[in-house]
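K.L.:
Here's a sequence, model it:
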Amino acid sequence: MEERIQILARAIAGEQADETLLGTLCALAAERWRLRLRQGVTAEDCGDAFCCAAAYTAAADLAVGCGVQDVESFTAGQVSVRLRETSAGTGLALRQAAERLMAPYVEAGDISLRGVRG
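P.N.:
Below is the predicted model of the structure:
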């Protein structure tokens with residue numbers, strides 16, 4: 001399962017991603033998702049959703065940590081390239097995709113209600 005997660009994360013992050021760092025981020029992402037699984041649910045029960053969610057999470061962590069940039073503008077005459085930071089947006093989009101994939105299998109963990117009468 002870990003190997004599949006790394007293959008997917010590499011496809012998301014790109015072949016230029018540092019293998020050692022990406023491997024570590026994949027292992028940590030998988031463990032975080034395992035800890036959030038509802039009682040009685042295993043990673044295997046989630047099928048491909050678990051691998052994809054862990055890969056998305058690892059790629060998001062890599063994007064934020066390495067400061068992914070996109071080309072904002074490019075000029076050919078007297079070459080001029082302007083980069084735009086996309087790590088925050090990329091990381092958020094990947095994390096949201098991971099959350100959607102795992103929603104049926106995990107505890108929400110993001111809602112806390114106190115003193116609410118039903």
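K.L.:
gap between the residue nearest the centre of the chain and residue 40?
P.N.:
Residue closest to the average C-alpha location in the chain (CA atoms, centre = their mean): residue 57, at 1.9 Å. Here residue 57 is placed at a distance of 22 Å from residue 40 (CB to CB, to the nearest Å). Where you see a C-beta, it was placed from the backbone N, CA and C, and this is true even at glycine.
K.L.:
could you pull out the helices for this protein?
P.N.:
Secondary structure of the chain (DSSP state H): helices at 2-13, 19-36, 48-66, 87-102.
K.L.:
In CSV, list the ones you listed along with distance to residue 108 and mean pLDDT.
P.N.:
As requested, the helices of the chain are exported to CSV (distance: least, CB to CB, whole Å; pLDDT from 0 to 100):
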stretch, distance to residue 108, mean pLDDT
helix 2-13, 23, 92
helix 19-36, 9, 94
helix 48-66, 14, 88
helix 87-102, 9, 81
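K.L.:
For residue 42, grab phi and psi.
P.N.:
With angles defined as degrees, to the nearest 10, residue 42 sits at phi -110, psi 170.
K.L.:
any residues touching stretch 50-65, and which ones?
P.N.:
Contacts with stretch 50-65, where a contact means CB atoms under 8 Å, 6 or more residues apart in numbering, come from 1, 4-6, 8-9, 11-13, 17, 21-22, 25-26, 28-30, 32-33, 43-44, 46, 86-88, 90-92, 94-95, 97-99, 101-102, 105.
K.L.:
how close does the residue nearest to the centre of the chain get to residue 42?
P.N.:
Taking CB to CB, one finds residue 57 at 18 Å from residue 42.
K.L.:
try residue 8
P.N.:
Residue 8 is 19 Å from residue 42, by CB to CB.
K.L.:
that older thread, buried members of the contacts of stretch 50-65 into ChimeraX, please.
P.N.:
Selecting only the buried entries of those in ChimeraX, with 16 or more other CB atoms under 10 Å as the criterion:
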select :5,6,8,9,12,13,17,22,25,26,29,30,33,43,46,87,90,91,94,95,97,98,99,101,102,105
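K.L.:
list the contacts for residue 5?
P.N.:
26, 29, 30, 51, 54, 55, 58.
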